[in-house]
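[1] My questions concern the predicted model and sequence given below.
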Amino acid sequence: MHRRSFIKSLCRTAAVFSLDQIVQGAPLGVQFVNVAREAGLRASTTFGGKARNRYLLETTGCGVAFFDYDNDGWLDIFLVNGTRFEAQWTKGTEPTCRLYKNNRDGTFTDVTAGSGLAHTGWGQGCCIGDYDNDGNDDLVVTYWGDCVLYRNHGNGKFSDVTEASGIAKTARRTPKGLNRWNTGCAFVDYDRDGRLDLFVANYIDFDPKTVAMPESGNCLYKGMRVACGPPGLDGGRNILLHNNGDGTFSDVSEKAGIWNTAGTYGLGVLVSDFDNDGWPDIYVANDSTSSALYKNNRDGTFTEVGINAGVAYSADGKPQAGMGVSAADFDCDGRFDIVKTNFAGDTSSLYHNTGDGFFEDITFQAGLGRNTRFLGWGAMFLDFDNDGWADILLCNGHVYPEVAETAIEYGYRQRKVLYRNLGNGRFADVSMDGGPGILEMAPGRGCAVGDFDNDGDLDAVVNCVNDVPQLLRCDSSLKNNWIKLKCVGTKSNRSAIGGRVYCATEKHRQMDEVRSGGSYLSQSDLRVHFGLAQAAAADIEVHWPSGVVDKFAAVAANRIYTIIEGGGIQPR
């Protein structure tokens with residue numbers, strides 16, 4: 001077959017552009033533009049030393065959340081903040097987490113003061129979920145030495161209920177008395193009792209008094225003395241907290257089998273029903289070792305199956321430095337796949353779910369093997385062009401600020417990578433055509449996706465190290481349709497976390513889940529978004545965690561809907 005015809009035949013299932021069109025230089029039709037400053041996101045995130053780090057703790061950075069804390073239908077932004085060793089902050093100048101209210105005109109107002117969220121410390125990640133089923137999404141922020149649960153009162157005020165909920169006694173100290181290094185988190189109703197439980201990954205059992213310093217010369221990166229770890233340090237143990245239904249949580253980590261594996265340098269947390277049995281499983285991206293997949297045994301326990309399932313190592317069987325994670329059914333075969341970011345000198349990983357309890361590493365076959373210069377953090381599947389196929393956005397930035405003064409790899413500040421799903425199992429790197437927001441260099445860490453301006457395309461927010469955040473607005477000239485769904489549980493947890501949503505047009509069937517956590521220590525919009533290409537309507541089917549199934553035929557495109565479990569669908 002002629003090469004040109006062969007390429008065309010491979011791409012007949014792509015919804016808008018074929019690989020042949022992309023090869024010929026067809027315009028992408030989408031531009032990401034950083035509008036953070038104009039939008040009012042001007043406060044810098046503080047995290048460790050600017051030019052040099054002595055401790056590994058100074059390198060990880062913070063997560064970010066897109067969530068509608070006031071239930072007005074517009075996404076607000078929460079940015080986790082950090083601190084510095086030996087910093088002398090005067091009262092009122094210490095760095096704190098930030099809450100920005102969406103003004104519904106493309107701008108945000110800093111409403112941190114008076115919200116109850118102005119906490120200072122070594123902030124790491126965040127996740128969202130309505131743990132008390134009162135209709136207001138609550139917030140968890142993880143720290144080195146803490147894990148704070150904020151109850152949302154629905155009026156712009158949050159209360160720190162960490163002590164009262166019982167989380168503090170588990171999440172603050174290890175059994176040896178060291179500060180827990182809590183990282184990624186996710187709400188998950190693992191026993192499907194209608195109440196959200198909490199999973200928290202842990203990185204290492206870190207003690208700055210005993211860890212080796214860069215000046216010791218024992219920790220080198222390409223000839224440079226850098227902060228030591230994580231290899232050689234004790235990995236932290238992940239935590240599973242069960243919601244008792246009375247505002248308190250119980251530590252079931254050991255009972256549930258989470259501690260049957262050794263400490264494993266946990267970072268990004270991803271919850272999804274990978275084996276389609278109706279019960280949520282948990283995947284954790286681990287740094288410098290095998291990643292972990294906790295299979296839900298449907299009896300309150302989990303079994304770690306990462307190695308057997310094929311998602312623990314690279315395609316050649318090597319451990320990787322996993323950071324961020326995301327799930328999507330990128331090829332629309334009815335099974336959730338995984339993308340994971342890794343350290344510089346390595347590729348990101350794309351694991352294809354084969355449907356028999358196994359995954360296949362198809363990183364190179366799918367076109368993600370060409371980029372090895374970047375050090376990846378945030379990882380997100382998103383349909384940025386609304387063609388009905390999940391694309392990929394990766395957020396990057398080197399871990400060592402010392403590389404900024406050298407020609408090593410891609411420097412400390414790095415651009416993002418944007419992959420377009422071709423609809424045939426392959427992706428095209430379209431970063432250079434993705435707009436100035438993709439190409440702008442930044443020390444990126446946490447990244448979340450959501451439609452902050454409710455215009456029907458997906459935007460992104462990035463938390464940067466010792467820099468201002470980025471708000472990447474998606475500007476599209478395409479005329480593809482879309483649909484966005486807010487799911488509200490009644491028998492299920494109120495946030496509908498774990499609910500699976502199907503969206504079918506005449507020749508295309510997609511699915512997604514309502515998901516807490518994910519990416520790198522971050523939280524994306526809980527609303528489920530589907531691109532519809534040229535379809536004017538779609539059939540929607542929601543499989544709730546309770547077992548209830550709701551079906552809605554011919555739902556009109558280009559609108560935001562609320563679906564109540566067992567109670568119908570209403571446009572916003």
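    Nice, thanks for sending it over. Please read all numbers here as calculations on a predicted model, not as lab measurements. Residues are numbered from 1 along each chain as shown.

[2] what about residue 223, how many neighbours?
    7 (other CB atoms under 10 Å). Glycine gets a C-beta too; all of them are placed from N, C-alpha and C.

[3] do the same with residue 533
    Residues near residue 533, counting by other CB under 10 Å, number 22.

[4] That one reaches residue 387, doesn't it?
    Yes. With contact defined as CB atoms under 8 Å, residue 533 counts as touching residue 387 (5.0 Å).

[5] Model confidence at residue 17, what's the number?
    If you check residue 17, the pLDDT there is 36.

[6] wait, I meant residue 7
    The model's pLDDT for residue 7 equals 34.

[7] Ok, residue 274 next?
    Reading off the confidence values, residue 274 has pLDDT 98.

[8] What of the one 3 residues further on?
    On pLDDT, residue 277 comes in at 97.

[9] what's the distance between it and residue 88?
    54 Å (CB to CB, to the nearest Å).

[10] which of those two has more neighbours?
    residue 277 (12 against 7).

[11] which SS class is the more buried one?
    Secondary structure assignment for residue 277 (DSSP: H, G, I helix; E, B strand; the rest coil): coil.

[12] Correct me if wrong: residue 102 contacts residue 78.
    No. Residue 102 is not in contact with residue 78 according to CB under 8 Å; the separation is 11.5 Å.

[13] So the two - more neighbours on which side?
    residue 78 (27 against 23).

[14] ok so the more buried one is a strand residue?
    Yes. Assessed by three-state DSSP, residue 78 belongs to a strand.

[15] Could you report the neighbour count for the closest residue to it other than its chain neighbours?
    Distances taken as CB to CB, 6 or more residues apart in numbering put residue 65 closest to residue 78, at 4.2 Å, once the chain neighbours are dropped. The number of residues packed near residue 65 is 32, by other CB under 10 Å.

[16] for residue 65, which residues make a bridge with it?
    residue 78, residue 523 (DSSP bridges).

[17] State the distance from it to residue 518.
    11 Å.

[18] what distance separates stretch 534-550 from the centre of its chain?
    Distance of stretch 534-550 from its chain centroid, counting by CA atoms, centre = their mean, to the nearest Å, is 23 Å.

[19] List the contacts of that stretch.
    189, 192, 194, 278, 479-481, 483, 485, 487, 489, 491-493, 496-506, 508, 530, 532, 551-557, 563, 565-566, 568-569 (CB atoms under 8 Å, 6 or more residues apart in numbering).

[20] Now, of those residues, which are buried?
    189, 192, 194, 480-481, 483, 485, 487, 489, 492-493, 496-505, 508, 530, 532, 555, 557, 563, 565, 569 (16 or more other CB atoms under 10 Å).

[21] Show me these that map onto helices.
    Nothing among these maps onto helices, per DSSP state H.

[22] where do the strands sit along the stretch 401-550 of the chain?
    417-421, 427-429, 444-450, 459-464, 470-476, 481-488, 500-504, 509-513, 528-533, 537-543, 549-556 (DSSP state E, counting those that start in this stretch).

[23] Minimum distance to residue 354: which of the ones you listed has it?
    Across the strands of the stretch 401-550 of the chain, residue 354 has its closest neighbour in strand 509-513 (16.7 Å, CB to CB).

[24] so what strands line up beside the closest one?
    Strand 509-513 has these strand partners (DSSP bridges): strand 500-504 (antiparallel).

[25] Give the rounded mean pLDDT of the partner strand.
    98.

[26] quick one: contacts of that strand?
    Contacts of strand 500-504 (CB under 8 Å, 6+ apart): 273, 483, 485, 487, 509-514, 528, 530, 532, 538-543.

[27] Filter those down to the buried ones.
    Buried, going by 16+ other CB under 10 Å: 273, 483, 485, 487, 509-514, 528, 530, 532, 538, 540-543, out of those.

[28] The stretch 1-150 of the chain: strands as residue ranges?
    30-34, 64-67, 76-79, 98-102, 108-110, 123-129, 138-143, 146-152.

[29] so what secondary structure elements neighbour the last one?
    Same thing as strand 146-152. strand 138-143, strand 158-160, helix 162-165, helix 168-171, strand 182-188 (3 or more CB pairs under 8 Å, 6 or more residues apart in numbering; DSSP states H and E).

[30] Could you do the first one as well?
    Taking 3+ CB pairs under 8 Å, 6+ apart as contact, the helices and strands that strand 30-34 lies on are helix 436-439, strand 470-476.

[31] Pick the most deeply packed of those.
    strand 470-476 (a mean of 23; mean count of other CB atoms under 10 Å).

[32] Relative to residue 216, which of the strands of the stretch 1-150 of the chain is closest?
    strand 123-129 (25.8 Å).

[33] Could you dump the helices and strands packed on strand 146-152 into CSV and include mean pLDDT and mean neighbour count?
    Converted to CSV, the helices and strands packed on strand 146-152 look like this (pLDDT from 0 to 100; neighbours: other CB atoms under 10 Å):
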stretch, mean pLDDT, mean neighbour count
strand 138-143, 98, 27
strand 158-160, 98, 17
helix 162-165, 98, 16
helix 168-171, 94, 19
strand 182-188, 98, 29
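
[34] can I get those in TSV with distance to residue 444?
    Shown next, in TSV, are the helices and strands packed on strand 146-152 (distance: least, CB to CB, whole Å):
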stretch	distance to residue 444
strand 138-143	19
strand 158-160	27
helix 162-165	29
helix 168-171	27
strand 182-188	16
